[in-house]
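1. requesting a structural model of the entry that follows:
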Amino acid sequence: MASETERRKIELIERLAQLSAKGPGREIPAFDAFLRLYYDGVAPELLVEIEAGDLLKAALSLWQFALGRKPGAPKIRIFNPTEAEHGWRSSHTVIEIVNDDMPFLVDSVVNALNQRELMVHLLIHPIIGVRRDRDGKLLAVSEHGAAGTTAESVLHVELSRRATPDSFEGIRASLGAVLTDVRIAVEDWRAMHVRLEETIEGLAASPPPLPVEEVVEGGAFLSWIRDGNFTLLGMRDYELATDGGADYLRIASESGLGVLRTVSAESAARHRMPLPPALAAFAR
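-> Numbering: from 1, shown residues only. The predicted structure is shown next:
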């Protein structure tokens, strides 16, 4: 049996649907379906104390933001809602994100905000099935996994209003960079696991000239990583080279996967420096 709070939430969502039907230009029933999916997974206690009109307008704001988006890149908006400018108000700074669904999105967004010492008060994150035309226009929404749809994540994040308009571009850039890292890590996940499996097999077939117990331990560690105990974000090959009597770790050309696809200026500079004697001995 549903709790009293859950019952109030169901009634509230029905009331929001009725209110939305009275508003012009909201593309019913598409917005009605989005509205139900949007609030379905939110804890009841987070909704029942908020004015119905503000809940409706917050959902409508993200819906309108999601109407156009080309797959392959996140769409991010940050603002302080006001009645005059946005048609609704909130005491918090609001972040809206529309992105292809993939693992690690929520944790990555929250961590990026925490690094900037921004407190998250509310995070709503439905995963919805969408159909878009070739220009990215939203044609239909449905439950995640429905036939003929693509999964998208939509995020509504509310922060303490310490965030001022002057800081919005920096926040948006941080979130964009993090979401790009998530995308390329997910895209290269299978390739990283294939390379890891090849390394494990190569270690067993042609072990290096090391004590047997070290080779066994190394193989066991790589197998532990392969078996789902470690999140692979990036992978890159290095070559041990000697030049002028000094040892260097050279980055193997085009070997990077995930977040190590590209070589940062800092990393390139570091690997142009000779290894200190202790590290050179260890590498050998």
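2. give me the buried positions along stretch 58-73.
-> For stretch 58-73, burial by neighbour count (16 or more other C-beta atoms under 10 Å) applies to 58-63, 65-66, 69. Using the backbone N, CA and C atoms, a C-beta is placed for each residue, glycine as well.
3. one more: stretch 73-89?
-> Buried positions in stretch 73-89, judged by neighbour count with 16+ other C-beta under 10 Å: 74-76, 78-81, 88.
4. may I have the phi/psi pair for Met235?
-> When read as degrees, to the nearest 10, the backbone of Met235 gives phi -150, psi 140.
5. how about CSV for the buried residues of stretch 73-89, with secondary structure, distance to Ile128 and pLDDT added?
-> Formatted as CSV, these follow (DSSP: H, G, I helix; E, B strand; the rest coil; distance: C-beta to C-beta, whole Å; pLDDT from 0 to 100):
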residue, secondary structure, distance to Ile128, pLDDT
Pro74, coil, 15, 93
Lys75, strand, 14, 95
Ile76, strand, 18, 97
Ile78, strand, 21, 95
Phe79, strand, 22, 93
Asn80, coil, 26, 91
Pro81, coil, 22, 90
Trp88, coil, 21, 83
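6. now name the helix or strand holding Ala269.
-> helix 265-270 (DSSP states H and E).
7. hey, what's the residue nearest to Val259 when sequence neighbours are not counted bridged with?
-> Nearest residue to Val259 in three dimensions, chain neighbours excluded: Gly234, at 3.9 Å (C-beta to C-beta, 6 or more residues apart in numbering). When bridges are called by DSSP bridges, Gly234 pairs up with Gly258.
8. run through the helices of the protein in chain order.
-> For the chain, helices defined by DSSP state H occupy the ranges 4-21, 30-40, 52-66, 83-86, 105-115, 165-187, 189-205, 212-224, 265-270, 277-283.
9. Arg8 contacts Pro44, correct?
-> Yes - using C-beta atoms under 8 Å, Arg8 is in contact with Pro44, at 6.6 Å.
10. give me the mean pLDDT for stretch 268-281.
-> Averaged across stretch 268-281, the pLDDT comes to 93.
11. name the residues that touch it?
-> Residues external to stretch 268-281 that are found in contact with it (C-beta atoms under 8 Å, 6 or more residues apart in numbering): 238, 246-251, 283.
12. 6 Å instead?
-> 246-249, 251 (C-beta atoms under 6 Å, 6 or more residues apart in numbering).
13. now do the domain split for the chain, please.
-> 4-187, 188-232, 234-284 (automatic domain parsing).
14. what's the most buried one of those?
-> Each of these was scored by mean neighbour count; the highest is domain 4-187, a mean of 16, by mean count of other C-beta atoms under 10 Å.
15. distance to Gly219 for the buried residues of stretch 58-73 - can I get that in JSON lines?
-> As requested, the buried residues of stretch 58-73 are exported to JSON lines (distance: C-beta to C-beta, whole Å):
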{"residue": "Ala58", "distance to Gly219": "52"}
{"residue": "Ala59", "distance to Gly219": "52"}
{"residue": "Leu60", "distance to Gly219": "56"}
{"residue": "Ser61", "distance to Gly219": "53"}
{"residue": "Leu62", "distance to Gly219": "48"}
{"residue": "Trp63", "distance to Gly219": "52"}
{"residue": "Phe65", "distance to Gly219": "49"}
{"residue": "Ala66", "distance to Gly219": "47"}
{"residue": "Arg69", "distance to Gly219": "45"}
